[in-house]
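*Asks:* Quick one: sequence and predicted model below, then my questions.
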Amino acid sequence: MFDSLLSRIRSLQKYIDRPWYPYLVALLAAVDMFVLVIPTDGLLVSAVLLRPKRWARTFLIVTTGSALGALLLAWLFQHGVSAVTDKLVPLIFGAAWNDTEAFAQSHGALALALVAASPFPQAPAVVLAALADMPLSAIFLACWLGRGAKYALFAWSASHAPKLVLRLWGVRREINELGGPPGEGAPPA
């Protein structure tokens, strides 16, 4: 199943130059909250590499999709399965659940934003925040800000990658020794 999903995602990349592609990546970012195997970061970077002037628009769209996925996941845990989780979670986690719930309520939004900005999966933190009865608006905002910071860095870096690589120490000299950057003639002898 995993290989089939990745194969389908790769086949979608042939449409990367289409104006609707960032919205597709946003939808996949939302779905990733439930399946945890979609390479959203890579899809974002590849979309920006092809259209570097649209990096800000792309990261904003994908960030919003990811935050909406987190909002839906949180809503489902707060409203859809709360009767089951209210009884099971304290049994599974025991006395530590009360401490975890208190931590999530006092540091929840900040902690959730940090997890969203990190390379760690965001879904478990969203579920924990939802089970701790964090307001849905706080979950959405924390996820949007955390993913926004991460995706902005990725998108900006991807849009400026060719220039940044040339500025690295020693790289420009090596490229000139190999015949210069693409599109330029060979360096003078």
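*Replies:* Done, it's in. Keep in mind that this is a model prediction, so the values were computed, not measured.
*Asks:* Relative to residue 28, how far out is the residue nearest to residue 57 when sequence neighbours are not counted?
*Replies:* The shortest distance from residue 57 to any non-neighbouring residue, by C-beta to C-beta, 6 or more residues apart in numbering, is to residue 22 (6.9 Å). No exception for glycine: its C-beta is placed from N, CA and C like everyone else's. Distance, residue 22 to residue 28, by C-beta to C-beta, to the nearest Å: 11 Å.
*Asks:* Ok, residue 146 next?
*Replies:* Residue 146 is 18 Å from residue 28, by C-beta to C-beta.
*Asks:* Next: residue 138.
*Replies:* In terms of C-beta to C-beta, residue 138 sits 25 Å off from residue 28.
*Asks:* higher neighbour count, those two?
*Replies:* residue 28 (21 against 15; other C-beta atoms under 10 Å).
*Asks:* Hmm, residue 19 and residue 47 touching each other?
*Replies:* No. Counting by C-beta atoms under 8 Å, residue 47 stays clear of residue 19, with 11.0 Å between them.
*Asks:* out of the two, which sits in the more crowded spot?
*Replies:* Shown here are residue 47 and residue 19; by other C-beta under 10 Å, residue 47 has more neighbours (26 against 9).
*Asks:* State the helix or strand in which that one lies.
*Replies:* helix 40-50 (DSSP states H and E).
*Asks:* before we move on, what about residue 151?
*Replies:* If you go by DSSP H and E, residue 151 is part of helix 136-167.
*Asks:* for that helix, what is the average pLDDT?
*Replies:* Mean pLDDT, computed over helix 136-167, is 88.
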